[in-house]
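Participant: below is the sequence, then the predicted model.
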Amino acid sequence: MALDLKVIERGSSVASAYCGRLLGMLGADVVKVEPPGGDRMRDSHPRATDVDGVERSTLFEYLNCFKRSVVVDEATPAGAEEIANLVAGADVVIDHVDGDVERALADAEAARARNPRIVYLALSGFGLTGPYKSYKSNEFIDFATGGYTGITGSPDREPLQGGGPWGGYAHGLTGAIGVLAAVRTAQTTGQGQLVDVGAMEAIATLHQWSMTLYTHQGVVKRRAGNMHAESYNPMGPVECGDGWVSVGVASAQQWEGFTLAIDRPELLADDRFQTGGDRVDHAEALAEIIGPALMALTASELTSQLQEFHVPASPVLTVAEVLEEAQLHAREFWVRSDRFGDTARMPERAFRVPGLDAPFTPAPEAGADTAAVLAEATDTTNKGAAR
Amino acid sequence: MILSGLRVLEFTIAWAGPLAGRFLADLGAEVVHLEHASSRGVGTTGVGGFRASEEIGDWKWGDLPGPVFRSGVYPDADPGEHPWNRQGMFNKMQRNKLSLCMDVKTPEGHDALIELIKVSDIVLDNFSPRGIRGMGLDWESLKEINPRLIRVSLSGYGHTGPDQMRVSWGPNLESHSGMAAMTGYTDSDAPMKLGPAMPDPIGGLSATVAMLAALKQRDETGEGMFIDLSQFESFGSIGGELYLSASITGTAPERHANRSPDRAPQGLYRCLGDDEWIAISVEDDAEWAALAGVLGGAVDGGDMYASLAGRIEHHDELDETITAWTSSRTKFDAMHELQAAGVRAGAVMTNKEIVEDEHLAARGFMVDIDAIDVGVRSYPGFPIHFEDPAEIPMVGSPPLGHDNAKVLSEWLGYSPERIRELEASGVLADTAA
């Protein structure tokens, strides 16, 4: 079994590509449409050298597994007709709209005219309506407008984006929810629709209580480095004897466990440290007391002692170190990437839905499936005409 | 509504699980949040705990409340008579859901739980496997009583493997996955956590994708399934290129802080005011020409900046030139002026600015929701815009146990007498313990 959907993916963004990867991973037939010369993301960083000595984008490689690729020049009438035929036989179009809202609306309308069942997902920075609809953005801009950048980083320095295009991934996940929901509707009504998902809203939706702090108490949230800005401490990376450990103390039981794990039970009776809010307000005093205790332990000791007391704690690893984690090997998280050699591997799938695990396929070369896909589309169109 | 008629039983805490349940509720599913009288964290023991004896003291709008009341994020910092119904963060996740407050450790409560599972389409949790097995809710048992059930468990590390019993919050997974070490300034090796953690919402979104796909599959085959979703893995999956690069080269890709090897100039630039910034990102030479046009005569050196390589080499000087321009403007004026010229630019927005943003208001993103014991407050709405906005309900968060009778009568056909007995014997509750 597989997700029985034909998906056409257009445009070039982390969001559109991850949305396509997710659907492909679940068994949908995802066709990526690339311009002559290939998607420009094929040159994006990070890059690495493949077994043939060619430098390639690992971002493109990862995001485009489970897909086929066609190269079509949409600027020519013949190319535009080929795309229209593909869309006519598809269930879903994933489009990335880079400020060109009128173009997207026209494409969606043309697709509906040919195929009333089509679900047309428009992923954009700001959405298809509203005063900013024509503004252009990318993952860096969206992280800022979605409210994550301003509250990430040290309070006395400039804010920071995340260490990867994670807002783009979140946007793609949100788009996939929109697609699957609209497909469900299309199955019962026979009518597809235009689904509008803007990155600013998708990222604003990720926050835990940032907006609630303002609407309930008027508090403007500020960045606090590796501290929680308001309510918990410790909650994030702390330094220990040979590196860092990420500690998460939220409940009273976890605070008690923390004090026992670092052998400072007297802290439990200290009025300055009763609740998470107390520990934020007296953070410097707390750091002075627990600092030496933490520095006396290795990351491995601290992590295991905290976990023994059921206190959330984990090592602070590099992505290279994560590749060795026994847990991920035991759960077969990694898949080999033969194109990049013996050691190369990447996450195969974010989750497994029994019965919907498509076999893994690496990212296709640009246009690898052009002939096959266009021939299938012609067949479908002819059958449609004959019906 | 898209998921009308779908029955979801949710037992979750904190963030990832409640968010996944909320997406289903927003899409119109009937989501019953099964709660315990203590599960809203009242008392000093819970996540949202406070000392009931404390006074609010002096507080005015805009101030962070005193430490004792802070984590509840109560409206106007006031816990009120029913504080368990007034926690802002909790309520944000509970809209459109029903609350069933039932002690499933009693024989009657446990019987009702099993009966509810029999008539559920989806059972969702985000506890560790230890907690789930303790409740007797492992998949091997449940599939016997409801073969059509989609069982989703959204644990930190998954239900198998050597680390399955580890406990975690989002910031732990951010560090464990290598992402905190990728985030940070380039003149330091220190890891940096994200403002609000991201593993939780990524887990919640991933679980929602999984559930919708599973539903399509289940409706076609009639067979249920167990989805063992690890938040460690769903979060790691948004960093695939980082692991792939590291596995090839043996080391993590280098940090870039706010810059990019593909785009220059790119950065955050100071604007008028205190801690006000704008994000600017130039993707190609044409966009550079547009930015240079806005900066006007301030850009000397012409050809030096004509190529990406040149702009990367002289990034520091460019940053000074851009800052000279941005620092005399508000971030919003700068954003609108740059965008009008075709330059990718966005204000670094605060929570306040998102709530009050004219663009989001025009799109109806922030929504006013009335909830019992809370009143009307504004919350972020649904990030997916379908053609018919009526697809998305917006019913306020239910008070604890608000739907005890409704759920037991409508889902299980319990008589009013039987429900009253369960109330009298304390199996059902609507007051926090």
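Facilitator: Looks like it came in fine.
Participant: from memory A:S124 sits against A:G198, does it?
Facilitator: Yes. Using Cβ atoms under 8 Å, A:S124 is in contact with A:G198, at 5.5 Å. All C-beta spots, glycine's among them, are computed from the backbone N, C-alpha and C.
Participant: now do the buried residues in the lowest-mean-pLDDT helix or strand in chain B.
Facilitator: Lowest on mean pLDDT, DSSP states H and E among the helices and strands of chain B sits helix B:129-134, with a mean of 81. Neighbour counts over helix B:129-134 (16 or more other Cβ atoms under 10 Å in any protein chain shown) mark B:P129, B:I132 as buried.
Participant: how far off centre is it?
Facilitator: Helix B:129-134 sits 24 Å away from the centroid of its parent chain (Cα atoms, centre = their mean, to the nearest Å).
Participant: what is it packed up against?
Facilitator: strand B:150-155 (3 or more Cβ pairs under 8 Å, 6 or more residues apart in numbering or on different chains; DSSP states H and E).
Participant: near chain A at all, the strand it packs on?
Facilitator: No. If you take Cβ under 8 Å from any Cβ of the partner chain as the test, strand B:150-155 misses chain A, and the best it gets is 9.1 Å.
Participant: show residues contacting that strand.
Facilitator: Here strand B:150-155 makes contact (Cβ atoms under 8 Å, 6 or more residues apart in numbering or on different chains) with B:12, B:16-17, B:20, B:121-129, B:132, B:139, B:142-143, B:159, B:164, B:203-204, B:207, B:210-211, B:214-215, B:218, B:224-231.
Participant: so where do the strands sit in chain B?
Facilitator: Under the criterion DSSP state E, strands of chain B are mapped to B:7-11, B:30-35, B:97-101, B:122-125, B:150-155, B:225-230, B:266-270, B:277-281, B:344-347, B:366-371, B:375-380.
Participant: now check the second one, is it near chain A?
Facilitator: Pointing back at strand B:30-35 there. No. Applying Cβ under 8 Å from any Cβ, one finds strand B:30-35 separated from chain A by no less than 14.7 Å.
Participant: partner strands of that strand, with direction?
Facilitator: Strand B:30-35 sits in its sheet next to strand B:7-11 (parallel), strand B:97-101 (parallel), going by DSSP bridges.
Participant: with mean pLDDT and distance to A:P362 added, can I get those in CSV?
Facilitator: Below are the strands paired with strand B:30-35 laid out as CSV (pLDDT from 0 to 100; distance: least, Cβ to Cβ, whole Å):
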stretch, mean pLDDT, distance to A:P362
strand B:7-11, 96, 36
strand B:97-101, 98, 41
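Participant: tell me which of those lies nearest to A:G37.
Facilitator: strand B:7-11 (46.6 Å; Cβ to Cβ).
Participant: CA atoms only for the closest one - export them in PDB, please.
Facilitator: Presented in PDB, the C-alpha positions along strand B:7-11 are these (Å, rounded to 0.1, in the frame of the first residue of the first chain):
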ATOM      1  CA  ARG B   7     -13.200  10.600  17.200                       C
ATOM      2  CA  VAL B   8      -9.900  11.200  18.800                       C
ATOM      3  CA  LEU B   9      -8.900  10.300  22.400                       C
ATOM      4  CA  GLU B  10      -5.900  12.300  23.600                       C
ATOM      5  CA  PHE B  11      -3.900  12.000  26.700                       C
END
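Participant: show the end-to-end separation of stretch B:87-103, please.
Facilitator: End-to-end distance for stretch B:87-103: 22 Å, by Cα to Cα, to the nearest Å.
Participant: distance check, B:M179 against A:G163.
Facilitator: Look at B:M179 and A:G163: by Cβ to Cβ, to the nearest Å, they are 6 Å apart.
Participant: which ones are touching A:V183?
Facilitator: A:L5, A:D91, A:V92, A:V119, B:K216 are the contacts of A:V183 under Cβ under 8 Å, 6+ apart.
Participant: assumed it was part of a helix.
Facilitator: Yes. Read with DSSP: H, G, I helix; E, B strand; the rest coil, A:V183 is one of the residues of a helix.
Participant: ok, now how distant is it from A:A84?
Facilitator: In terms of Cβ to Cβ, A:V183 sits 21 Å off from A:A84.
Participant: with A:G20 instead?
Facilitator: 19 Å.
Participant: same check, this time on A:L268
Facilitator: The gap separating A:L268 from A:A84 is 69 Å, by Cβ to Cβ.
Participant: of those two, give the one with the bigger neighbour count.
Facilitator: Legend: neighbour count by other Cβ atoms under 10 Å in any protein chain shown for A:L268 and A:A84, higher for A:A84 (18 against 14).
Participant: excluding chain neighbours, what is closest to that one?
Facilitator: A:R114 (6.3 Å; Cβ to Cβ, 6 or more residues apart in numbering or on different chains).
Participant: ok, the one you found - how many residues close by?
Facilitator: Neighbours of A:R114 (other Cβ under 10 Å): 15.
Participant: contact partners for it?
Facilitator: Applying Cβ under 8 Å, 6+ apart, the residues near A:R114 are A:A84, A:V87, A:A88.
Participant: output these in TSV, with pLDDT and secondary structure appended to each entry.
Facilitator: Compiled in TSV, those are given as follows (pLDDT from 0 to 100; DSSP: H, G, I helix; E, B strand; the rest coil):
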residue	pLDDT	secondary structure
A:A84	93	helix
A:V87	95	helix
A:A88	94	helix
